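Chemist: Kindly generate the corresponding structure for this input.
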Amino acid sequence: MSQEIEKIKEVLEKEIKPMLAMHLGSLDFVGFENGVVSIRFQGTCVGCPLSNLTLKAGIESILKEKVEGVISVEAV
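Modeler: Take a look at the predicted model:
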């Protein structure tokens, strides 16, 4: 496993999932390729009208700040 993937998973587990859990949501890490992190929303995040805002303004900005090489985050 690449160093970037390990760091992405660490940030997702320690910083992002606890934030989502406060709203009964979660996510699964799907993959990382060409600078794009793929995640799958779980729980109340599925179908939430704010999930795109959470994705771009929250998850993507945190990962871009904390993990070198992350260009964007996509929900699949």
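
Chemist: what residue is smack in the middle of the protein?
Modeler: In the chain, the residue lying closest to the centroid (Cα atoms, centre = their mean) is Ile59, at 4.7 Å.

Chemist: was I right about Val37 contacting Val70?
Modeler: Yes - taking contact to mean Cβ atoms under 8 Å, the distance of 5.8 Å between Val37 and Val70 places them in contact. From N, CA and C alone the C-beta is placed, and that goes for glycine too.

Chemist: and for these two, which residues touch both?
Modeler: Each of 8, 60, 63 lies in contact with both Val37 and Val70 under the rule Cβ atoms under 8 Å, 6 or more residues apart in numbering.

Chemist: how about those residues in a markdown table, adding distance to Thr54 and secondary structure?
Modeler: Shown next, in a markdown table, are the shared contacts of Val37 and Val70 (distance: Cβ to Cβ, whole Å; DSSP: H, G, I helix; E, B strand; the rest coil):
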| residue | distance to Thr54 | secondary structure |
| --- | --- | --- |
| Ile8 | 17 | helix |
| Glu60 | 9 | helix |
| Leu63 | 12 | helix |
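
Chemist: could you dump the residues you listed to TSV with pLDDT, neighbour count and distance to Pro49?
Modeler: TSV is the format used below for the shared contacts of Val37 and Val70 (pLDDT from 0 to 100; neighbours: other Cβ atoms under 10 Å; distance: Cβ to Cβ, whole Å):
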residue	pLDDT	neighbour count	distance to Pro49
Ile8	98	23	26
Glu60	97	18	18
Leu63	98	24	22
